[in-house]
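Participant: 3D model of this:
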Amino acid sequence: MVRTFILQGLSNNPMMQPALFLTLFLMYLVTLSGNFLIIIVVRLSSSLQTPMYFFLSNLAVVDICFSTTIVPNLLKNTISQDRTISFLGCATQMYFNLGLGATECLTLAVMAYDRYVAICKPLHYHNIIDKRRRLMLAAASWTVSFFFSVIHALLTFRLSYCKSNQVNHYFCEMPPLLRLSCTDTLVNELIIYITAVLFTLSSFLLTLLSYIHIISSILKIQLSKGRLKIFSTCSSHLTVVSLYYGTVMCMYMIPRSKHLPGQDRVVSILYTVVTPMLNPIIYSVRNSDFKECVIKIFKKQV
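Facilitator: This is a model prediction of the structure:
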């Protein structure tokens, strides 16, 4: 019976490992600095005390935690010969990865709903998305996500692992682990599809529906400047949503038999490493209000 697992690095070529380590390390630094910048600027700027920036700060916290559950261990495995992880350590990593990934799905859907209310019902915006409701939406996203994460972790690690302890992946994730099990995984796969529909597909459809209404409202605006400003605000969110939902659905909604060798690692690197790094860049670069607040804070400190 397996008591420890051996994770795969991104490359077994010794010549490639230093370059991969440096690239991952720089991406992790950009992720941390960008997301911490969002949290600090929103906290210090009175003009950014709005529901949109509250949800953006929440997304930044999710991205910091999400990336930290994966990247530090991946950095160690990239340059170390010892890539083992204990049974409990693997279960813990998978639990937090699933919980934070689901929280990001729901947070992106909530942000789309927030933009829908702001653009389509501007007069009622502050009554619909008041302080109490936005706290409830954020808390519900975290609570529901980690509740289902517990179920997945318990079901995955109740299985017997006796085929091999070599995980063809760079962190503990359900699809690669299920391939190592020597017991029936039908129940696990069924629950994966159910929760993927509940979280990923439903969140994506809610986001899509919100933006259909938003685009419909934009087209009714007579002034081209008004259209351009709203399109600029929404395009940032759409960019993040397309990248994140697309990769997650490829990972969890495609049947295990259809996965190509190495596909899991390529897809996972996009939503665990790349997306958390791009989120703060996309939101801050495309947001003039945020950039103005950064400049004001910098000048004040100087």
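
Participant: what about Leu154, distance to Ile214?
Facilitator: 39 Å (C-beta to C-beta, to the nearest Å). Heads up, the C-betas are built off the backbone N, CA and C, glycines and all.

Participant: ok, those two, which is more surrounded?
Facilitator: Each of Leu154 and Ile214 has its neighbours counted (other C-beta atoms under 10 Å); Ile214 has more, 22 against 11.

Participant: Next up, identify which helix or strand the closest residue to that one other than its chain neighbours is on.
Facilitator: Excluding its sequence neighbours, the residue lying closest to Ile214 (C-beta to C-beta, 6 or more residues apart in numbering) is Ile119, at 5.2 Å. Element membership for Ile119 (DSSP states H and E) is helix 87-120.

Participant: What are the boundaries of the strands in this protein?
Facilitator: 4-7, 84-86, 166-167 (DSSP state E).

Participant: can you redo those as TSV with mean pLDDT and mean neighbour count?
Facilitator: As requested, the strands of the chain are exported to TSV (pLDDT from 0 to 100; neighbours: other C-beta atoms under 10 Å):
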stretch	mean pLDDT	mean neighbour count
strand 4-7	86	18
strand 84-86	88	15
strand 166-167	86	18
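
Participant: Compare the ones you listed and give me the one nearest Asn279.
Facilitator: Asn279 sits nearest to strand 4-7 of all these, at 25.5 Å, using C-beta to C-beta.

Participant: Touching that closest one from outside, list them.
Facilitator: The contact list for strand 4-7 (C-beta atoms under 8 Å, 6 or more residues apart in numbering) reads 73, 77, 83-87, 90, 161, 165-167, 169-172.

Participant: For Ile254, state which of the residues you listed is nearest.
Facilitator: His169 (15.3 Å).

Participant: where's the nearest residue to that closest one once chain neighbours are set aside relative to Ser268, distance?
Facilitator: Excluding the flanking residues, the one nearest His169 by C-beta to C-beta, 6+ apart is Pro176, at 3.9 Å. From Pro176 over to Ser268 the distance is 9 Å, taken as C-beta to C-beta.

Participant: again, but for Met251
Facilitator: 6 Å.

Participant: so what's in contact with these two at the same time?
Facilitator: If you check Met251 and Ser268 against C-beta under 8 Å, 6+ apart, the residues they both contact are Glu173.

Participant: circling back: tell me which residues in the helix holding Ile119 are buried?
Facilitator: 87, 90-91, 93-119 (16 or more other C-beta atoms under 10 Å).

Participant: And for stretch 145-161?
Facilitator: Residues of stretch 145-161 classed as buried: 145-146, 148-149, 152-153, 156-157, 159, 161 (neighbour count, 16+ other C-beta under 10 Å).

Participant: How about stretch 11-19?
Facilitator: In stretch 11-19, counting by 16+ other C-beta under 10 Å, buried: Gln17.

Participant: With stretch 199-215 instead?
Facilitator: 199-201, 203-204, 206-207, 210-211, 213-214.

Participant: Off-centre distance for that stretch?
Facilitator: Averaged C-alpha coordinates place stretch 199-215 at 17 Å from its chain's average position (C-alpha atoms, centre = their mean, to the nearest Å).

Participant: Stretch 160-180 too?
Facilitator: With C-alpha atoms, centre = their mean, you get 22 Å for stretch 160-180.

Participant: cool, stretch 159-173 as well?
Facilitator: For stretch 159-173, the distance to the chain centre is 23 Å (C-alpha atoms, centre = their mean).

Participant: what about that stretch, how long is it end to end?
Facilitator: Criterion C-alpha to C-alpha, to the nearest Å; first-to-last residue distance in stretch 159-173 is 14 Å.
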